[in-house]
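Engineer: Sequence plus the predicted model coming up.
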There are 2 protein chains.
Amino acid sequence: MSRCVMARRSTTSYALLGLLALRPWTTYELAKQAQRSLNWFWPRAERKLYDEPKHLVDAGLATARSESTGKRPRTVYTITRSGRHELARWLDEPAVPRAGEFEAMVKVFFADAGDLGQLDATLARIETEARERIQALSEMAGQPPLFHGREHLSALTLPLQVQQEATVLEWAGWARDQIRQWRSTTDPGGWDARSVLDRLADTGR
Amino acid sequence: MSRCVMARRSTTSYALLGLLALRPWTTYELAKQAQRSLNWFWPRAERKLYDEPKHLVDAGLATARSESTGKRPRTVYTITRSGRHELARWLDEPAVPRAGEFEAMVKVFFADAGDLGQLDATLARIETEARERIQALSEMAGQPPLFHGREHLSALTLPLQVQQEATVLEWAGWARDQIRQWRSTTDPGGWDARSVLDRLADTGR
DNA sequence: CACAGATACTGCCCTGTGCAGTATACGAGA
DNA sequence: TCTCGTATACTGCACAGGGCAGTATCTGTG
């Protein structure tokens, strides 16, 4: 049946297994739901979300059932007893460290290759994005829950997402204020970088 | 010489091009420096950092010079005029949205597949990691700068990194406090999830 | 009845990761 | 002088993941 039942599953596998623990889903529903709920802390391309459930079946953690809507086929996945057990076991493993990709910050870090207008535009886009995300998150919080009996878990995780965005928003505003004092991207004029860094060095003490 | 001079470069390419704009580096130095400075907002495996400079040379954005330390060869990369121009042009492009991977949050979100002890352990590990990172960042801030004349850019970017970690640290402490009021991971008892969510829904207004 | 938008995927090529493997260089201590 | 640990300087391989294009059917609205 399957060659590698014992292969270590990826985080993406476990994330989908977590959704399957709530109820059975078709691949399409699973992909959409993953993008709605998991995208904030475990973003994955739709393409990937179509492949993973097959691996779960190979590993015996889920079963697939072929159904159809008229002439169009669809696959419904259901978690197995072994799948629930494996999910609970996974919760014990220490997680891989947090990692963030923030291309705009690369542009800020190398701002001295361009001019102040470019830097301010980058910061402005960061602000706009953060504002939009806070909006989206607060709308999510206002809506009735997709699964009753799981509101407490949303209420535990959502505040961090919102606060992360608020932190970015506040920082971008501060940064735009600071660079107004600069002469150019290579010359901050009288702006005191050292005192900012020294204050950070103190927070670690 | 090269077949795809016009291919769109990846963010990783531009990040390394940014480092090359500061001074010439050997591949090894470039890889180490990228992990020290860029890892916070653009993390990439060392393996990848060895491949990318070759693509930059193919695209005419850098030149490679073979040197040697005794019998051991090494390659020194230098940015070209065309490379500096391309880097400045890239600063104008809107950046791809921020994306974060946070496996521990997946474990928190699916905590109802396990017990309160597992959830608390996950939150405790998040706290420890955040504390260690704040420590590392504040040590970076305290050290003399690697390039003089670039302190202002570190002073602009570092505060966000520190504040992000502080936000995670604070949230994890709050979350541990909250779950002490829960009966189990599936039953929060009298804990009022709704009021937390309603407060978040208000922040977006 | 047409058409937009949702459903339900697959193939291809490229980027990126983890790990193992292969060397040499160099300084500190036995 | 020899050894050993650490830094230097990479490459190969298998697999995870992303972006995009393509294919086809279903359903509700005008």
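Structural biologist: Cool, got the structure.
Engineer: make it CA atoms for all contacts and neighbour counts henceforth
Structural biologist: Will do.
Engineer: Following element in sequence after the helix ranked longest in chain A, please.
Structural biologist: Ranked by residue count and defined by DSSP state H, the top helix of chain A is helix A:151-179. As assigned by DSSP states H and E, the chain's next helix or strand after helix A:151-179 is helix A:193-203.
Engineer: sorry, back to before: so what does the longest helix of chain A touch, helix or strand wise?
Structural biologist: Counting contacts by 3 or more CA pairs under 8 Å, 6 or more residues apart in numbering or on different chains; DSSP states H and E, helix A:151-179 is packed against helix A:116-142, helix B:103-109, helix B:151-179, helix B:193-203.
Engineer: Is the last one in proximity to chain A?
Structural biologist: Put plainly, it is helix B:193-203. Yes. Shown here: helix B:193-203 in contact with chain A (CA under 8 Å from any CA of the partner chain) through B:A193, B:R194, B:V196, B:L197, B:D198, B:L200, B:A201, B:D202, B:T203.
Engineer: and that helix, C-alpha only, in PDB?
Structural biologist: In PDB, the C-alpha atoms belonging to helix B:193-203 read as follows (Å, rounded to 0.1, in the frame of the first residue of the first chain):
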ATOM      1  CA  ALA B 193     -13.700  33.900  25.200                       C
ATOM      2  CA  ARG B 194     -16.400  36.000  23.700                       C
ATOM      3  CA  SER B 195     -15.400  39.200  25.600                       C
ATOM      4  CA  VAL B 196     -11.800  38.800  24.400                       C
ATOM      5  CA  LEU B 197     -13.000  38.400  20.800                       C
ATOM      6  CA  ASP B 198     -15.400  41.300  21.100                       C
ATOM      7  CA  ARG B 199     -12.700  43.600  22.300                       C
ATOM      8  CA  LEU B 200     -10.600  42.600  19.200                       C
ATOM      9  CA  ALA B 201     -13.600  43.200  16.900                       C
ATOM     10  CA  ASP B 202     -13.700  46.700  18.400                       C
ATOM     11  CA  THR B 203     -10.000  47.600  17.600                       C
END
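Engineer: any residues touching it, and which ones?
Structural biologist: Outside helix B:193-203, the residues that touch it by CA atoms under 8 Å, 6 or more residues apart in numbering or on different chains are A:134, A:137-142, A:151-152, A:154-156, A:158-159, A:162.
Engineer: Taking helix A:116-142 as reference, get the angle to it.
Structural biologist: 150 degrees (axes from the mean of the first three to the mean of the last three CA atoms, to 10 degrees).
Engineer: roughly how far is helix B:193-203 from the heart of the chain?
Structural biologist: Helix B:193-203 sits 30 Å away from the centroid of its parent chain (CA atoms, centre = their mean, to the nearest Å).
Engineer: Skipping adjacent residues, who's closest to A:T185 in space?
Structural biologist: A:D112 (4.8 Å; CA to CA, 6 or more residues apart in numbering or on different chains).
Engineer: Doesn't A:W42 lie inside a helix?
Structural biologist: No. Counting by DSSP: H, G, I helix; E, B strand; the rest coil, A:W42 falls outside a helix, being coil.
Engineer: The nearest residue to it once chain neighbours are set aside pairs with what?
Structural biologist: Sequence neighbours aside, B:E101 is the residue nearest to A:W42 in space, at 5.1 Å (criterion: CA to CA, 6+ apart). For B:E101, the beta-bridge partners under DSSP bridges are A:A99.
Engineer: what about B:E101, how many neighbours?
Structural biologist: When neighbours are counted by other CA atoms under 10 Å in any protein chain shown, B:E101 registers 19.
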